[in-house]
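Colleague: Give the three-dimensional model of this entry:
(3 chains)
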Amino acid sequence: MEPRYPQYLPDPTATREEMEALQRRVAEAATFDDAFTFDPTRVGRGDDEQTTLGGERGGPSGPDAPVVAGVDQAFLDDAAVSAVVCLQGGEVVERAHAVSELSIPYIPGLLSFREGGPIVDALERVQTNPDLLVFDGSGRIHYRQAGLATHMGVVFDRPSVGVAKSLLCGRPRESVDGRPEGWRTPILADSDVDVPDGRVIGYAVQSRQYESSRKINPLYVSPGHRVSAETAADLVLRCCDGYKLPEPTRLADQYAAEVKAEYT
DNA sequence: GCGACAG
DNA sequence: ATCTTGTCGC
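Modeller: Numbers count the residues shown, from 1 in each chain, chains lettered A, B, ... in the order given. Sure thing, here's the model as predicted:
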């Protein structure tokens, strides 16, 4: 892959004001509606009954299933290990990684300026052309609607979604505690977000839940680029396979840890 | 000053 | 993110 709009590449040497200004431009360039050509119902392993019963799901003769790339990182002293795992129909078709120097610390709201460059390094080594990019972090659920998933999605002009394990800003429409698997509720913009209060900017998604007692927290899914909040939630659930994290992200996390181990 | 804050 | 074993509950 190659950045299609390098003017949006995150510059770690920029001042805080410049970083925030770029994020506002990224948000303006972003599309929070569905604007892709792949078939969302064919993402993931696709072992759910409605699409398999009729047998219309593309087999050897049908069109290829969409390629979904998961991106995650692991950290060394002064470097980041960025890993990308591409899946097609639940099968790994490619893995790529990069080890990059880190320049700035983690600052809430400016994550893409710390991790964006390293992630671009890894994505540039990917030979496949992913239909969808799944990031570990927020997309539209961000103060300026320009979280990591949105920023990267715009730089590569590729459909993307953000999957965070905790909420950066906004508020769930209702309590998210102890919900059943498959449940979801909208995340509404609050005063911390650059949009009218109450707008849906993402979803809390219960990707996994124990049958009793102990509770698992939901995932916070939001549009990165070219994907709506509703579709982002659908796509992430389709990518889940028995674990809290969707497979693309979970496998990228594993891969990043493997690479890190070799450098330790 | 206080609170809140992805990875 | 990272430092890390056991342990709770089915």
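Colleague: What residues are bridge-paired with the residue in chain A that DNA strand C sits nearest to?
Modeller: Across chain A, the shortest distance to DNA strand C (Cβ to the nearest atom of the strand) belongs to A:Ala74, at 3.6 Å. Just so you know, the C-beta spots here come from the backbone N, C-alpha and C atoms, and that holds for glycine as well. For A:Ala74, the beta-bridge partners under DSSP bridges are A:Val81.
Colleague: Sheet partners, orientation included, of the helix or strand where A:Thr185 lies?
Modeller: Using DSSP states H and E, A:Thr185 sits in strand A:184-188. If you go by DSSP bridges, strand A:184-188 pairs up with strand A:171-172 (antiparallel), strand A:200-205 (antiparallel).
Colleague: Highest mean neighbour count out of those?
Modeller: Of all the strands paired with strand A:184-188, strand A:200-205 carries the top mean neighbour count, a mean of 26, counting by mean count of other Cβ atoms under 10 Å.
Colleague: Please convert the strands paired with strand A:184-188 to TSV, extending it with mean pLDDT and distance to A:Arg114.
Modeller: TSV is the format used below for the strands paired with strand A:184-188 (pLDDT from 0 to 100; distance: least, Cβ to Cβ, whole Å):
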stretch	mean pLDDT	distance to A:Arg114
strand A:171-172	97	26
strand A:200-205	98	21
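Colleague: low-confidence ranges in chain A?
Modeller: A:48-62 (pLDDT under 70).
Colleague: Show me where chain A has its helices.
Modeller: Ranges of helices in chain A, per DSSP state H, are A:16-29, A:49-53, A:111-123, A:148-156, A:229-239, A:247-262.
Colleague: Specify the stretch among the ones you listed that is closest to A:Asp194.
Modeller: helix A:16-29 (7.3 Å; Cβ to Cβ).
Colleague: about what we covered before: got the contact list for the residue of chain A closest to DNA strand C?
Modeller: Counting by Cβ atoms under 8 Å, 6 or more residues apart in numbering, A:Ala74 touches A:80-81, A:83, A:253, A:256-257, A:259-260.
Colleague: Need the contact partners of stretch A:104-117.
Modeller: A:9-12, A:14, A:16, A:19-20, A:23, A:73, A:80, A:82, A:100, A:102-103, A:137, A:142-144, A:146-148, A:151-152, A:155, A:168.
Colleague: ok, that stretch near DNA strand B or not?
Modeller: Yes. Against DNA strand B, stretch A:104-117 shows contacts by Cβ under 7 Å from any atom of the strand at A:106, A:108-112.
Colleague: Please check those residues and keep the buried ones.
Modeller: Taking 16 or more other Cβ atoms under 10 Å as the criterion, what is buried in the residues of stretch A:104-117 next to DNA strand B is A:109-112.
Colleague: which of those residues are close to DNA strand C?
Modeller: Okay, of those, nothing touches DNA strand C (Cβ under 7 Å from any atom of the strand).
Colleague: What is the nearest of the residues you listed to A:Glu28?
Modeller: A:Ser112 (15.6 Å).
Colleague: measure the closest one to A:Gly224 for me?
Modeller: With the distance defined as Cβ to Cβ, to the nearest Å, A:Ser112 ends up 11 Å from A:Gly224.
Colleague: okay, and the common contacts of the two?
Modeller: A:147, A:152.
Colleague: Mind listing what's buried along stretch A:67-80?
Modeller: Buried residues in stretch A:67-80 (16+ other Cβ under 10 Å): A:67-74, A:79-80.
Colleague: okay, among those, which ones form the most distant pair?
Modeller: Between any two of the buried residues of stretch A:67-80 (Cβ to Cβ), the greatest distance is 27.8 Å, for A:Val67 and A:Ala79.
Colleague: For A:Asp177, give me its contacts.
Modeller: With contact set as Cβ under 8 Å, 6+ apart, A:Asp177 has these partners: A:Lys215.
Colleague: Would you list the phi and psi of it?
Modeller: Main-chain torsions, A:Asp177, degrees, to the nearest 10: phi -70, psi 130.
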